[in-house]
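A.B. asks: This is a predicted model, with the sequence first.
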Amino acid sequence: MGDVSFNGVAIVAAVALGAPLALGLFPKLRLPAIVLEIVLGIAIGPQVLGWVSIDTPIQVLSLLGLAFLLLLAGLEVEYDRFRGRPLRLTALAYGLSFGLALLIGFGLSAGGLVRSPLLVAIVLSATSLGIVIPVLKDAGHVSTQFGQLVVAGASIAEIATIVLLSLFFSEETSSVGVRLVLLGLFGLFVLAVGVAVLGAEHFTRLSATLLRLQDTTAEIRIRASFLVLAVFVVLAEQLELEAILGAFFAGAIIKLVDRDRTMTHPQFRAKLEAVGYGVFVPFFFVATGVRFDLDALFASAETIARVPIFLAALLVARGLPALLYRPLATPTQTAAAALLQATSLSFLVVAGQIGVQLELIRPATYAALVAAGLLSVVLFPLTALRLLRTAEREPREVPEQATRPR
């Protein structure tokens, strides 16, 4: 194997196993696994125990983890909920959220805390959909009108922030106008792939072959999904867009064309999640912890003071717009929606890394942003769950006339 060592991979794999196992042994500790994965990554990294550094195998597995994370995020978006009054409210709420985030970005820039107000606005207007959905499921609200409203709002934020980041902050030197054209070309390619896949399903022989091979060692649907992921990522890079955009739309196109999964391949989604969440995604989060610049965070009191500032900025930018949901939710549910929408970590990590690479975010600022994201994941969902338990004693739905599209 030459000079390539898998010692670090083994340690990271042990952390990836230990984090959810520890949380499972102590169920009263309601903490998302990704938080513990990042914290343990910091612990085993070069600035604490020094057991692991980012070498080639960990770097490759981390990149695959990021790709699968965005693929699975694309699969989580419920596109059929994007209609009617909920869509109008959530879209308006995101527009307000981005406006507030932009104002906060300019304020932070004027105070010398950040260099790019637009990048900060994109970061602060994001929501971790992968955390919001499990919280709603645990509370039994994911299928209610309130739950669908929150999922729709988080989904719009997920899509918009990825597109905006790719459009304005690619590492390539093309102008925004050129990137907009390239983004349109990429969208046409995604549409063409979707039409081609839907057309291929009408070929009886091909469909029968896929059905026959899907649960054998060929795992043909998983291989096809990985191919779509790889092709979309490569094409996005070739078009000078961010690779994360390709990964997300790979998941989106799979979700849109995979309409009969409950009939012909009910285990397909579970298998994809097993590959992603079971193998690759934990490597991304643990490696994020290994890369985390702990020294930069604690280098000065000023840097530490930025953590509550960024945490409050998340709550203002994503939380306040939830007030627009009041016609479709109770006051308690509205407060819970505000907290859930302000929960952000995975996109913050990804966008922050891009900002550091482009020298638009200082390492110390990035460390403070990630620390604020960690706190948002620890504090906001737990508080929202408590509020939702309180809401069990309140009417869960508003009167039907209030929900009827106008």
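C.D. replies: Received, thanks.

A.B. asks: which stretches of the stretch 201-350 of the chain have low pLDDT?
C.D. replies: Low-confidence regions of the stretch 201-350 of the chain, defined by pLDDT under 70, span residues 201-202, 259-264.

A.B. asks: Break down it into its helices, ranges please.
C.D. replies: Secondary structure of the stretch 201-350 of the chain (DSSP state H, counting those that start in this stretch): helices located at 204-213, 220-238, 243-257, 261-264, 268-275, 281-291, 294-297, 301-314, 331-341, 346-357.

A.B. asks: contacting residues around the last one?
C.D. replies: So the one you mean is helix 346-357. By C-beta atoms under 8 Å, 6 or more residues apart in numbering, the surrounding residues in contact with helix 346-357 are 34, 66, 69, 73, 116, 119, 122-123, 126, 128, 130-131, 158, 161-162, 165, 169, 171, 242, 244, 285, 288, 361-363, 366, 369-370, 372-373. Using the backbone N, CA and C atoms, a C-beta is placed for each residue, glycine as well.

A.B. asks: Filter those down to the buried ones, ChimeraX style.
C.D. replies: This is how ChimeraX selects the buried members of the contacts of helix 346-357, with burial counted by 16 or more other C-beta atoms under 10 Å:
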select :34,66,69,73,116,119,122,123,126,128,130,131,158,161,162,165,169,242,244,285,288,361,362,363,366,369,370,372,373
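
A.B. asks: Tell me which of the contacts of helix 346-357 fall in helices.
C.D. replies: The helices, defined by DSSP state H, take in 34, 66, 69, 73, 119, 122-123, 130-131, 158, 161-162, 165, 244, 285, 288, 363, 366, 369-370, 372-373 from those.

A.B. asks: where do the helices sit along the stretch 1-150 of the chain?
C.D. replies: Going by DSSP H, counting those that start in this stretch, the stretch 1-150 of the chain shows helices at 7-25, 33-44, 56-76, 84-110, 117-124, 129-139, 145-168.

A.B. asks: Any idea which of those helices gets closest to L235?
C.D. replies: For the helices of the stretch 1-150 of the chain, proximity to L235 was assessed by C-beta to C-beta; helix 145-168 is nearest, at 12.4 Å.

A.B. asks: Over that closest one, what's the mean pLDDT, rounded is fine.
C.D. replies: Averaging pLDDT along helix 145-168 yields 83.

A.B. asks: and that helix, how far from the chain's centre?
C.D. replies: 9 Å (C-alpha atoms, centre = their mean, to the nearest Å).
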